[in-house]
Each structure stands twice: as structure tokens, then as C-alpha cells.
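S.K.: Build me a model:
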Amino acid sequence: MAQAINNIIGKKFGRLTVISYTDRRVSRAVVWKCKCECGNITYMTHRCLKGSVSCGCYQKENCSKVGLIYNSAGREAYKNKLNKGN
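M.R.: Residues are numbered from 1 along each chain as shown. Next up is the predicted model:
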């Protein structure tokens, strides 16, 4: 017997708004199509949506605000700067 899909279309999770469900599944969980306030479209399960703020744009914005580069080389440079006390 198929399980009923909990309809979350139109609900907001941080910057993400659920716009539709898909036929895709991840470990039997429905994959939802979401639109971020920045305009990006992303696909997530309900469990991932509960812990998400955005499509990834929020983290990139915060990193740029404090002068971090959003990649591993940037994180290493920042760690080195902290360790030197500059």
C-alpha cells in the first residue's frame, strides 16, 4: 500500500519555498522542488528542508561578509591568519 504524501507545497523553510513535488525518491522519501529567494531552484527531501536555510547562497553571503573565500583554499588561509594572531 502506498503512503500518502504530506503536501508541503507553498510552505517556507528559511529562504526556500516548496513549489512542487517530483517523482524522484531518495530512500523512499519524496524529493521536493524548491525555489530560493535568490532565484535558484533546488531539490530536497522534507528531512533536508527542515535543516536548510537556503540553496547555499546564505552561507556564501555570510562568508563574503567576513572576508572568507567560499572554498577550501580560503578556509586554510583564514585558519593560518587566526593562528598567527594577525
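S.K.: C-alpha only now, for contacts and for neighbours.
M.R.: OK.
S.K.: Quick one: mean pLDDT over the host helix or strand of K60.
M.R.: Assigned by DSSP states H and E, K60 belongs to helix 57-65. Mean per-residue pLDDT for helix 57-65: 75.
S.K.: helices or strands next to that helix in the packing?
M.R.: Taking 3 or more Cα pairs under 8 Å, 6 or more residues apart in numbering; DSSP states H and E as contact, there are no helices or strands that helix 57-65 lies on.
S.K.: Give the buried residues for it.
M.R.: Buried positions in helix 57-65, judged by neighbour count with 16 or more other Cα atoms under 10 Å: C63.
S.K.: again, but for stretch 14-29
M.R.: Going by neighbour count (16+ other Cα under 10 Å), the buried part of stretch 14-29 is 14-18, 21.
S.K.: now the residues you listed in CSV, with pLDDT?
M.R.: Formatted as CSV, the buried residues of stretch 14-29 follow (pLDDT from 0 to 100):
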residue, pLDDT
G14, 90
R15, 90
L16, 92
T17, 94
V18, 94
Y21, 86
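S.K.: Show only the entries of these found in strands.
M.R.: Assigned to strands by DSSP state E, the following of those qualify: 16-18, 21.
S.K.: Relative to C55, which of those residues is nearest.
M.R.: Nearest to C55, judged by Cα to Cα, of these is L16 at 7.3 Å.
S.K.: And the pLDDT for the closest residue to the closest one other than its chain neighbours?
M.R.: Residue nearest to L16 in three dimensions, not counting chain neighbours: C36, with 4.4 Å by Cα to Cα, 6 or more residues apart in numbering. pLDDT recorded at C36 is 92.
S.K.: for C36, what are its contacts?
M.R.: Applying Cα atoms under 8 Å, 6 or more residues apart in numbering, we find C36 in contact with 15-17, 42, 54-55.
S.K.: Rebuild those as JSON lines, extending it with distance to N7.
M.R.: Converted to JSON lines, the contacts of C36 look like this (distance: Cα to Cα, whole Å):
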{"residue": "R15", "distance to N7": "19"}
{"residue": "L16", "distance to N7": "15"}
{"residue": "T17", "distance to N7": "13"}
{"residue": "T42", "distance to N7": "17"}
{"residue": "S54", "distance to N7": "20"}
{"residue": "C55", "distance to N7": "21"}
